[in-house]
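**Q** I would like to see how this sequence folds:
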Amino acid sequence: MRNTPDIITFGEVLLRLSPAENRKLTQAKSLDFFFGGTEMNVGASLAVLGESVKHITAVSDDLVGEAALASMRHYGLDVADVQKVAHPIGQYILEVGSGMRSSQIAYNRLNGSFANIQPENIAWDTIFENAQFFHWTGITPAISEAAYQALKAGLVSAKERGLQITADPAYRSNLWQYGRKGQEVLKELVSLSTIFIGGVNEINEILGTSYGLDQDGFIAASKKLMEECPSITQIFDKIRTGMSASWQKIYGRAWVENTYFETSELEITQVVDRIGTGDAYAAGLIYGLLHFDAEKALNFANAACALKHTILGDVNLVSVAEINEVMQGNTGGRIKR
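**A** You can find the predicted model right below:
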């Protein structure tokens with residue numbers, strides 16, 4: 001790995017616990033575990049694709065934190081600037097649904113390690129040296145005042161250095177418990193970013209608008225966001241149609257340089273794991289923007305997202321070649337020899 005990563009991700013690492021084989025928790029005798037977290041998933045997926053990525057976070061100063069660090073290193077992430085604090089890593093239990101039965105999640109992350117990150121100990125200017133992209137999501141500033149202050153300082157530094165800053169607002173109203181108003185904070189932080197990964201729902205939540213979900217509504221909402229947050233120059237959205245927990249359809253659409261474009265729809269009829277699919281989309285998009293034009297980047301992101309539905313765990317483990325196969329329409333799953 002190069003000493004100066006091209007991509008920086010910042011956010012909480014969580015321990016995920018799940019019963020195997022679509023079992024209900026009440027049936028389980030044991031639990032599978034994975035380390036993940038929205039921003040870490042993006043970074044790890046990019047590292048699997050061959051990019052140089054550093055993840056900034058805080059983990060517990062114990063054996064669980066060491067296991068989290070080992071997991072991140074396994075994916076190829078640079079963890080040199082990860083903090084260790086005297087608070088436990090956040091956890092969540094995922095009960096994976098099937099067919100008409102929805103998946104369910106229960107979180108245990110209050111006052112966890114990332115909520116107690118120390119903003120003053122993050123050397124953003126050094127971290128961003130030679131970097132090209134900085135990725136964040138709206139989950140991070142929702143967790144604590146310290147996480148918000150750390151992210152804001154990072155965004156200011158990244159903007160001053162001219163990085164591309166990808167913002168996935170991921171507004172979760174139930175997370176905002178420490179006093180700040182989510183919509184106000186997200187608008188402030190999106191205004192420090194350059195690329196928006198979200199659609200009409202996210203724009204409506206941030207701006208308090210009520211645009212429709214159709215193409216015209218998306219274009220109008222995109223124009224309004226760019227007016228309110230002039231630093232945003234590109235908007236990429238992912239549309240999901242859930243037929244059941246096991247059957248999903250997705251496509252991507254974008255508003256870039258006053259032009260609308262969208263991908264074809266991809267259908268996943270046997271979902272293995274939905275966790276991390278949005279993160280796979282973001283990772284695919286960042287990879288695409290590093291290597292292709294915006295329209296091809298969107299198609300790459302959509303294919304990466306579709307493939308993640310077939311991978312167990314939080315991180316997308318597919319290769320560039322596998323994503324290209326799906327982009328070219330090869331979705332039959334034939335055995336490769």
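**Q** Check the secondary structure at L110 for me.
**A** coil (DSSP: H, G, I helix; E, B strand; the rest coil).
**Q** What is the neighbour count of A321?
**A** Burial measure for A321: 8 neighbouring residues, criterion other CB atoms under 10 Å. No exception for glycine: its C-beta is placed from N, CA and C like everyone else's.
**Q** So it lies in a helix, does it not?
**A** Yes - the assignment for A321 by three-state DSSP puts it in a helix.
**Q** And it, what's its pLDDT?
**A** Here, the pLDDT recorded for A321 equals 96.
**Q** How about the contacts made by E51?
**A** D6, I7, I286, Y287, L290 (CB atoms under 8 Å, 6 or more residues apart in numbering).
**Q** which residues of this protein score low on pLDDT?
**A** Along the chain, the model assigns pLDDT under 70 to residues 1-4, 334-337.
**Q** residue closest to the middle of it?
**A** D279 (3.5 Å; CA atoms, centre = their mean).
**Q** Please name the nearest non-neighbouring residue to that residue.
**A** Leaving aside its sequence neighbours, D279 sits nearest to N41 (CB to CB, 6 or more residues apart in numbering; 3.7 Å).
**Q** my guess is that neighbour meets L317, correct?
**A** No - here N41 does not reach L317: they are 11.1 Å apart, not a contact under CB atoms under 8 Å.
**Q** Compare those two and say which one has the larger neighbour count.
**A** Taking other CB under 10 Å, N41 and L317 do not tie; N41 has more neighbours (30 against 16).
**Q** That one: which element?
**A** helix 38-48 (DSSP states H and E).
**Q** Name the residues that touch that helix?
**A** 7, 9-13, 53-55, 57, 72, 75-77, 135-137, 139-140, 168, 170, 276, 278-280, 282-284, 286-287, 304, 308, 314-319.
**Q** Give me the buried entries from these.
**A** 7, 9-13, 53-55, 57, 72, 75-77, 135-137, 139-140, 168, 170, 276, 278-280, 282-284, 286-287, 304, 308, 314-318 (16 or more other CB atoms under 10 Å).
**Q** now the helices for the stretch 51-200 of the chain?
**A** 63-75, 124-127, 139-143, 145-160, 182-190, 200-207 (DSSP state H, counting those that start in this stretch).
**Q** so which of these is the most packed in?
**A** Neighbour counts (mean count of other CB atoms under 10 Å) averaged over each of those peak at helix 139-143, with a mean of 24.
**Q** Now do the contacts for A142.
**A** Going by CB under 8 Å, 6+ apart, A142 touches R172, L175, W176, G182, V185.
**Q** Could you rerun that using 6 Å?
**A** L175, W176 (CB atoms under 6 Å, 6 or more residues apart in numbering).
**Q** Great, nothing more from me.
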